[in-house]
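Engineer: Give me a model of this one.
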Amino acid sequence: MHWAEKAFRILYSEYGRQHWWPAETPFEVCVGAILTQNTSWKNVEKAIANLRKMRLLSPEAMLSCEDGVLEAAIRPAGFYSQKARRLKEFCKQVSLGELDKMGIAEARKKLLSVHGIGKETADSILLYALGKPIFVVDAYTRRIYERITGESAAHIRYDELREQFEGALGGSAQKYNEMHALLVEHAKLYCTKSCPKCGACPLKPMCTYPKQQFI
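Structural biologist: Residues are numbered from 1 along each chain as shown. Here you go, the predicted structure:
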C-alpha cells in the first residue's frame, strides 16, 4: 500500500470528515482561494465576513463596486489592492457555469490564464468549487511529504507531486478533497512548521522525521 493511501486511512480515522472547503457557494470558494494566497485562513474568514456583510459575494457585485470599497472589505487578508484586482479580473474572465462544462485540462488552462492565479489556486477552484477530480498541492502537502518520505520536495515540480498523490489515491474528487483537508488539519495540529508534536502524532510509525532527529 502506498504511504499516501495509508496516511489517508489513518488521518480519516483520527479526524473524520472535514467538510472542506468552508463556503456557502462555489463563488465564495473561488474568492477564498484567491484571498488565501500569502495569508492565514483566519484572515480570509474576516475578509469574507466583510464581503458578506457588504453584499459583495457575487461577480456582479464585485465588478460594480468601486475599487476602494472592495479593497477595504478584503483588507484583513493582506495585499488588498493586489487581491482586489485579481478578484475583479477573475470575475471578468471566468464564468463558473462555463468552466463546469469544460474538461479538467481546458478549465485549468482557462484559470491559469487569469493574472494572479497559479496552479494551487486554480486546482483549489477546480476541486472545491466545481468538484473536479484534481489534487491540490500546498505548503502543508509538501511539508508532510518531506517528513514522511525523508525526501526533499523543493525540486519536485508541482504537477509531478500532484500526480503522485492522484496515482496513489485513485480518481475520486471526494477522496482528493478529504485528503487535502486532512493534511491541512494534521499540519496545523501535529506536523507544524517548527516544533512538530511527533510524540503524539498518529503518523509517527510511518514517518522518517522523528528518526532523523536522533541521527
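
Engineer: Which helix runs longest in the protein?
Structural biologist: helix 173-189 (DSSP state H).

Engineer: Please list the outside residues in contact with stretch 49-60.
Structural biologist: With contacts defined as C-beta atoms under 8 Å, 6 or more residues apart in numbering, stretch 49-60 is touched by 25, 27-28, 31, 48, 61-62, 65, 69-70, 72-76, 91. Every C-beta, even on glycine, is put in place using the N, C-alpha and C of the backbone.

Engineer: just the buried members of the residues you listed?
Structural biologist: Buried residues within those, defined by neighbour count using 16 or more other C-beta atoms under 10 Å: 27-28, 31, 48, 62, 65, 70, 73-76, 91.

Engineer: What segments of the chain are helices?
Structural biologist: Applying DSSP H to the chain gives helices spanning 3-15, 26-35, 41-53, 59-64, 67-74, 80-93, 96-101, 104-112, 119-124, 139-149, 158-169, 173-189, 209-212.

Engineer: deepest of those helices, which one?
Structural biologist: Per residue and on average, the most neighbours among these fall to helix 26-35, with a mean of 23 (mean count of other C-beta atoms under 10 Å).

Engineer: can you tell me the average pLDDT over stretch 3-17?
Structural biologist: Mean per-residue pLDDT for stretch 3-17: 97.

Engineer: still on that earlier bit, now the longest helix of the chain: how far from the chain's centre is it?
Structural biologist: 9 Å (C-alpha atoms, centre = their mean, to the nearest Å).
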